[in-house]
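Participant: test case, fold it:
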Amino acid sequence: MAGRLEVVAKLLELAGIDRERVQLRRVSAAEGTLFSEYVTEISKTTTKLGSFDAEKYKLQLAAIKRALGTRRLRWLSGMEDQLGKRENVYGEKTDPELMKEVINESISSEYHKAFIIEMLKEGPLSVREMADISGIPVYTVSSRLNELEREGKAEFHSHVGTTAKFVSLAA
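Facilitator: All right, here's what the predicted structure looks like:
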């Protein structure tokens, strides 16, 4: 991965949004022709992808924004080059495959927790309801909800029959 853009790309993938909708190119002011080529290329890509229904992806987009604001993802995307390319105080470099695995797991975890928070802002929900809305497996919802409870970002609200309902405590 290459920092923040790749984090965003992975979050888009988790949200079911085509990664090609986000592009980042570096062009100096002296490279007008190159800039024009990039604009043309991106215009063709977005035309091919068609219009984007932001309302359909309201929860996913809110979850992406929330996940990007977490300390964990900010730190990892800022430290990736340093952790992966430089030696530590013991003269060791971080294994690139291990680093990729840690980053991908962190992105997934933070996205799932952010999605749960966004769903719970709408009102009390059960684990099964959250899984049905999000498409995240029940076990994963349950695990992430447990983490959110420990972090003080979600809590038990009530029972409906034998089904527990939860709410968000996060702003």
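Participant: mind listing what's buried in stretch 90-99?
Facilitator: 94, 99 (16 or more other Cβ atoms under 10 Å). Where C-beta positions appear, they are placed from N, C-alpha and C, glycine not excepted.
Participant: with stretch 131-142 instead?
Facilitator: In terms of neighbour count (16+ other Cβ under 10 Å), stretch 131-142 has its buried residues at 131, 133, 134, 136, 140, 141.
Participant: pull the most distant pair out of those.
Facilitator: Within the buried residues of stretch 131-142, two members stand farthest from each other by Cβ to Cβ: 133 and 140, at 13.3 Å.
Participant: in this structure, where is pLDDT below threshold?
Facilitator: For the chain, applying pLDDT under 70 flags the ranges 1-2, 80-84.
Participant: ok, which stretches of it are strands?
Facilitator: For the chain, the strands defined by DSSP state E cover 154-160, 163-168.
Participant: nearest to residue 107, of those strands?
Facilitator: Closest to residue 107 of the strands of the chain, according to Cβ to Cβ: strand 154-160, at 19.9 Å.
Participant: can you list the residues that contact the biggest helix by length in the chain?
Facilitator: Determined from DSSP state H, the single longest helix within the chain is helix 96-120. For helix 96-120, contacts defined as Cβ atoms under 8 Å, 6 or more residues apart in numbering pick out 1, 7, 10-11, 14-15, 59-60, 62-67, 70, 72-73, 76, 80, 83-84, 125, 130, 133-134, 136, 140-141, 144-145, 147-148, 153-154, 166-168, 170.
Participant: next: stretch 160-171.
Facilitator: 116-117, 120-121, 123-128, 145, 148-149, 152-159.
Participant: please compute how far that stretch lies from its chain's middle.
Facilitator: Averaging C-alpha positions (Cα atoms, centre = their mean, to the nearest Å) puts stretch 160-171 23 Å from its chain's average.
Participant: cool, and stretch 88-104?
Facilitator: 21 Å.
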